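K.L.:
what follows is a predicted protein model with its sequence.
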Amino acid sequence: MPARVWWVLSGALVAGGGLALYLMGQPGICECGYVKIWHSPTDVQSSQHLFDWYTFSHIIHGFVFYWLLTLVAPRMPFAARLVIALVPEVAWEVFENTDYVINRYRDAGQLAYFGDTVLNSLSDVLAMVAGFLYARFAPVWSTITLIIFFELFTLYSIRDNLTLNVIMLIHSFDFIKEWQAGR
């Protein structure tokens with residue numbers, strides 16, 4: 001298949017994910033009425049603007065998807081691998097905004113989480129694409145270093161990161177919830 005077809009499929013997946021979120025009732029932008037490039041506090045406006053602390057997790061998704069697809073399908077064209085990586089990323093963004101996952105996050109201690117805006121979800125997908133592109137051109141040691149840095153930086157900054165996020169979604173541990181709450 002020509003590369004342009006893969007790029008069109010990529011765009012269609014991203015647009016389809018945004019449309020699905022809109023049809024699910026997620027707001028296009030923050031209900032506060034404005035858009036910030038970066039939102040730092042973890043509060044009711046988290047996951048409402050372009051980028052936030054969880055953007056780093058989506059960049060890591062891109063690294064991991066690139067490595068897995070390169071391992072499994074090393075001869076597959078890059079654009080085809082990107083489309084395949086977009087499928088779980090876009091699917092996660094849609095699933096993450098279901099009542100089930102929103103309530104799981106809230107049960108795990110993120111009481112101010114009400115789901116993502118369409119804008120934030122699309123930014124998260126683009127962060128994954130950025131990680132995917134970075135992993136393609138950067139040495140493996142560099143991406144591993146970035147993963148460690150992102151995980152430790154967000155752990156220090158907001159007492160959360162991709163690792164804790166996954167753990168708490170699978171099973172909410174009270175001692176982690178208390179530590180994240182600063183107790």
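P.N.:
All right, it came through fine.
K.L.:
ranges for the helices of this protein?
P.N.:
Assigned by DSSP state H, the chain shows helices spanning 3-23, 55-72, 78-96, 99-107, 118-137, 140-158, 162-170, 174-180.
K.L.:
mean neighbour count and distance to residue 37 added to those, as CSV?
P.N.:
Backbone N, C-alpha and C define where each C-beta goes, glycine included. Formatted as CSV, the helices of the chain follow (neighbours: other Cβ atoms under 10 Å; distance: least, Cβ to Cβ, whole Å):
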stretch, mean neighbour count, distance to residue 37
helix 3-23, 15, 19
helix 55-72, 19, 11
helix 78-96, 19, 19
helix 99-107, 14, 24
helix 118-137, 21, 10
helix 140-158, 14, 17
helix 162-170, 15, 22
helix 174-180, 13, 26
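K.L.:
which one of these lies closest to residue 42?
P.N.:
Nearest of the helices of the chain to residue 42, taken as Cβ to Cβ: helix 140-158 at 5.2 Å.
K.L.:
now for the closest one, which elements pack on it?
P.N.:
helix 55-72, helix 118-137, helix 162-170 (3 or more Cβ pairs under 8 Å, 6 or more residues apart in numbering; DSSP states H and E).
K.L.:
residues in contact with residue 114?
P.N.:
44, 102 (Cβ atoms under 8 Å, 6 or more residues apart in numbering).
K.L.:
residue 31 now?
P.N.:
residue 48.
K.L.:
need the pLDDT of it.
P.N.:
On the pLDDT scale, residue 31 is placed at 91.
K.L.:
cool, residue 111 as well?
P.N.:
Looking at residue 111, its pLDDT is 65.
K.L.:
before we move on, what about the one 4 residues further on?
P.N.:
Per-residue confidence at residue 115 stands at 89 (pLDDT).
K.L.:
once you drop chain neighbours, what's closest to the residue nearest to the spatial centre of the chain?
P.N.:
Nearest to the geometric centre of the chain sits residue 58, at 3.5 Å (Cα atoms, centre = their mean). In this structure, residue 58 finds its nearest non-sequential neighbour in residue 127, 3.8 Å apart by Cβ to Cβ, 6 or more residues apart in numbering.
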